[in-house]
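Q: Just to be clear, the model below is a prediction. Sequence and coordinates:
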Amino acid sequence: MSIHLSISIYLFTYTYISIYYIHTSIFSSACDQLSLGVAAIFGPSHSSSANAVQSICNALGVPHIQTRWKHQVSDNKDSFYVSLYPDFSSLSRAILDLVQFFKWKTVTVVYDDSTGLIRLQELIKAPSRYNLRLKIRQLPADTKDAKPLLKEMKRGKEFHVIFDCSHEMAAGILKQALAMGMMTEYYHYIFTTLDLFALDVEPYRYSGVNMTGFRILNTENSQVSSIIEKWSMERLQAPPKPDSGLLDGFMTTDAALMYDAVHVVSVAVQQFPQMTVSSLQCNRHKPWRFGTRFMSLIKEAHWEGLTGRITFNKTNGLRTDFDLDVISLKEEGLEKIGTWDPASGLNMTESQKGKPANITDSLSNRSLIVTTILEEPYVMFKKSDKPLYGNDRFEGYCIDLLRELATILGFTYEIRLVEDGKYGAQDDVNGQWNGMVRELIDHKADLAVAPLAITYVREKVIDFSKPFMTLGISILYRKPNGTNPGVFSFLNPLSPDIWMYILLAYLGVSCVLFVIARFSPYEWYNPHPCNPDSDVVENNFTLLNSFWFGVGALMQQGSELMPKALSTRIVGGIWWFFTLIIISSYTANLAAFLTVERMESPIDSADDLAKQTKIEYGAVEDGATMTFFKKSKISTYDKMWAFMSSRRQSVLVKSNEEGIQRVLTSDYAFLMESTTIEFVTQRNCNLTQIGGLIDSKGYGVGTPMGSPYRDKITIAILQLQEEGKLHMMKEKWWRGNGCPEEESKEASALGVQNIGGIFIVLAAGLVLSVFVAVGEFLYKSKKNAQLEKVNNVLLPCIPTVVGRYLKL
């Protein structure tokens, strides 16, 4: 049995069009209506029924007008079919353009029936072309309960979702998402339905959720607005539907498309006055004689309707040229933020009126969860005689920074200490993160305001603001104890190598002087000037005298020996110049080495640490410093990480506080951030920084990946930097009493410990001279005794020798 309803709509003078809504027996009912004589058939809405009706219309030459999306089983070439619903291949490209505009890397597509995959085919093809990770899910078909699906999406951290469903189903999904805690600023939903504006978004306006969709109704046209208003007034007279999640009285896209479809047909009727309708029989397959001409007039339609510009592809009858408004949820409701059309693509025009690009870009009156970690002087418990609660429990540099940011941006906050007490590092085995980074990934916190270093591996999973402080890794070590100069400290101004080179130079110059003096004829002289004919000549520069000449010049005392030849004078002059420079340099450095206590440290740089194993060294476990050495490819730092990893349990500490205590109580060097070292050394005079900076990095405010707060936080930090407040906060928390410096003295009295070695050298010299004198005495006595013995043997023989001589 066929049930039908006839509605007459007055369009032009003496023109009426009857619309029949067929509910049962599609095929037989369509044939029954054709037998009565019709000029066109509208609908039906269901895709499978529409295909059956289209096959009948094609056979009998009757225009088939569709206002809902229908899957095309053929190319519709030269068929009696037009669709006012926008071509979904174009709609799919519009959604893909939105995804690219928002720079999404991962997308979840949720559809309600299998036709959704056909409608979104352009998007489904995107991963291979746009480096997009796509996850596809289907809504439960037999129930409206989407909570299990939403729960699974929440567990999988799927924040970018495209819903392909009706606006009625979308209203139910949003309600369930709100109950699941999925209507926050981290979620962004795109709806393919063109009736998103019909949803009641009042409960979500201030939730922070991002919601985007399309609208085809041309609401900016005054005539269209007037028609829509009249429609709404009539619809409001109907009983309201409680808890539907929809706004009462709104003209849906289906109604607007049907209005435009009726108008297109009516215009074609007016243009073809000689057209008459006739009874058509499905079993005879005799087409309507006016059908081809009437279909051509419909396809040639060009009109601005309720749904904007209406034109058809003359080949397949699809509506491929249309305009869409891009709408997004704001605090004022759903508002237009851009347009899209097949020719020009996406054009975002939201910048007018000075409105923010997203409702979450405005932090005013928002309450944020801030994770942090106890670390002097960044975050500390406030000392007070009274019990403190909430944010009042904390003080420090980061607390002041957070307070300034909240003042500028107008948000409120709740400070929570990170549960595991760690900054955040990635596990090598399972790839999971811990610490504050983990809490940002899990969206347990909105901000991380702490001494959290900006690193490459962290930037891949969370976002950072611009750095509010720049720093680097350095070495914290205890100050070495001062060592007094030894009794032989007068030798310290010159290194042992220089002393050796001076000795060699002395020996070399003495020998050269001796040789040249022997070679030069002008260095020989007559010892008896009164006898100029004497052949006896002498030379003062014997080997011993040459050595004595060198010693006299070196000690700046001179000698009675004076060179006479030009060559020997050149040697003497060069030696005097050499000794002048050496003695002057020695004298200049002598005072400092005798009066200053030398602070000798066993290490001076990271290279010194890497070359030894006696002094242990380490960093905070799972911190940025540890990660730096772990990921470094520089040989020195790689060697240091090998040492630390081999003794992981003994050298890696849980916190900076523990590391500082180890430095004070054992032979341990602690690798940490230079700013913290600066703070610690200002307050503990037994600690010092060794060497310069190993690397350069910055502390930033951490936010979850894709957080809308990051840019606003960055702008506020730059403002604080330009106003000098960051510097003032650092001065406030870093300025300490300082270590007392030793009083300077105009003259430092020298004690035995300073110059006692000189007396030892003097005593040794005196003792040596005594021994040499004794040796000389013994040597001379022995020579004299031998000479007397010879004389005693020779004297008795002299008369005999003389007598023999006289006889001769």
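A: Yep, that arrived. Numbers count the residues shown, from 1 in each chain.
Q: Domains of the chain: list them as residue ranges, please.
A: According to automatic domain parsing, the chain comprises the domains 6-85+255-310, 88-215+323-359, 363-471+701-732, 489-595, 600-695, 755-807.
Q: closest one to Trp231 among the ones you listed?
A: Judged by CB to CB, the one of the domains of the chain that comes nearest to Trp231 is domain 6-85+255-310, at 6.9 Å. The way it works is simple: take the backbone N, C-alpha and C, and place the C-beta from them, glycine included.
Q: quick one, phi psi at Ile615?
A: Dihedral pair for Ile615: phi -90, psi 120, per degrees, to the nearest 10.
Q: dump the residue contacts of it.
A: 602-603, 609, 667-669 (CB atoms under 8 Å, 6 or more residues apart in numbering).
Q: List the pairing partners of the longest strand belonging to the chain within its sheet, with orientation.
A: Secondary structure of the chain per DSSP state E: the longest strand is strand 333-341. According to DSSP bridges, strand 333-341 forms sheet pairs with strand 324-330 (antiparallel), strand 345-348 (antiparallel).
Q: what does that strand contact?
A: When contacts are defined by CB under 8 Å, 6+ apart, strand 333-341 is touched by residues 94, 97, 196-197, 199, 201-202, 205, 211-215, 321-328, 346-350, 355.
Q: Got a PyMOL select line for the buried ones in these?
A: Restricted to buried positions by 16 or more other CB atoms under 10 Å, the PyMOL selection for these reads:
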select buried, resi 94+97+196+197+199+201+211+212+213+214+215+321+322+323+324+325+326+327+328+346+350+355
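Q: Now do stretch 130-137, average pLDDT.
A: Taken as a whole, stretch 130-137 has an average pLDDT of 88.
Q: In the stretch 601-750 of the chain, where is pLDDT below threshold?
A: 736-750 (pLDDT under 70).
Q: All the strands of it, residue numbers only.
A: Secondary structure of the stretch 601-750 of the chain, counting by DSSP state E, counting those that start in this stretch: strands at 616-618, 668-673, 687-690, 697-699, 702-704.
Q: Buried deepest among the ones you listed, which one?
A: Neighbour counts (mean count of other CB atoms under 10 Å) averaged over each of the strands of the stretch 601-750 of the chain peak at strand 702-704, with a mean of 26.
Q: For burial, what's the neighbour tally of Val515?
A: As a burial measure, Val515 scores 14 neighbours (other CB atoms under 10 Å).
Q: same deal with the one 10 residues further on?
A: Around Tyr525 sit 11 other residues, with neighbours defined as other CB under 10 Å.
Q: My guess is it contacts Met562. True?
A: No - counting by CB atoms under 8 Å, Tyr525 sits too far from Met562 to count as a contact (11.4 Å).
Q: Take stretch 459-478, keep the C-alpha atoms, and write them as CSV.
A: Output in CSV follows, covering the C-alpha atoms of stretch 459-478 (Å, rounded to 0.1, in the frame of the first residue of the first chain):
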residue,chain,number,x,y,z
GLU,A,459,60.4,19.0,21.4
LYS,A,460,59.2,15.9,19.5
VAL,A,461,56.6,15.1,22.1
ILE,A,462,55.7,18.5,23.7
ASP,A,463,55.9,22.1,22.8
PHE,A,464,58.0,24.8,24.4
SER,A,465,57.7,28.6,24.7
LYS,A,466,60.7,30.8,23.9
PRO,A,467,63.4,30.4,26.6
PHE,A,468,63.0,32.6,29.6
MET,A,469,66.6,31.8,30.6
THR,A,470,69.7,30.8,28.7
LEU,A,471,72.4,28.6,30.3
GLY,A,472,74.8,25.7,29.7
ILE,A,473,76.2,22.6,31.3
SER,A,474,79.2,23.1,33.6
ILE,A,475,81.1,21.2,36.3
LEU,A,476,80.5,21.8,40.1
TYR,A,477,83.5,20.8,42.3
ARG,A,478,84.8,21.7,45.7
